[in-house]
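Trainee: any chance you could fold what I've pasted below:
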Amino acid sequence: MDDLFLAKRITAEAAEVLQAIVHQHYKLRRALVATSNRVVQDWGKYLVDVKMVSTILDRLMHRCVILEFEGKSYRLK
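Mentor: Next comes the predicted model:
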């Protein structure tokens, strides 16, 4: 999943799909790569339901490796 929360806010339907994808991968112990320019602490601002944010983050963070990059973006080059 690339560039999560690019939009200011995602719809309730899109949030449910995101939760279903994360849950399915978690349940089957499948790899899932998610990228975002938003810090994890702010994800609640972009999802409608706080419980949903908690569920998604619990499953993503349980067996994860977080890579955080700092510095200038090379997208515009």
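Trainee: where's residue 52, which helix or strand?
Mentor: helix 50-62 (DSSP states H and E).
Trainee: list the buried residues of that helix.
Mentor: Within helix 50-62, the residues scored as buried using 16 or more other C-beta atoms under 10 Å are 52, 53, 56, 57, 59, 60. (Glycine included, C-beta is placed from N, CA and C.)
Trainee: columns pLDDT and distance to residue 4 on top of these, output as CSV?
Mentor: Listed next are the buried residues of helix 50-62 as CSV, based on pLDDT from 0 to 100; distance: C-beta to C-beta, whole Å:
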residue, pLDDT, distance to residue 4
52, 85, 13
53, 86, 12
56, 88, 10
57, 89, 12
59, 92, 14
60, 89, 10
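Trainee: follow-up on the earlier one: and the helix holding residue 52, what other elements does it pack with?
Mentor: helix 12-27, helix 43-46 (3 or more C-beta pairs under 8 Å, 6 or more residues apart in numbering; DSSP states H and E).
Trainee: reformat these as TSV; add mean neighbour count.
Mentor: Formatted as TSV, the helices and strands packed on helix 50-62 follow (neighbours: other C-beta atoms under 10 Å):
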stretch	mean neighbour count
helix 12-27	14
helix 43-46	15
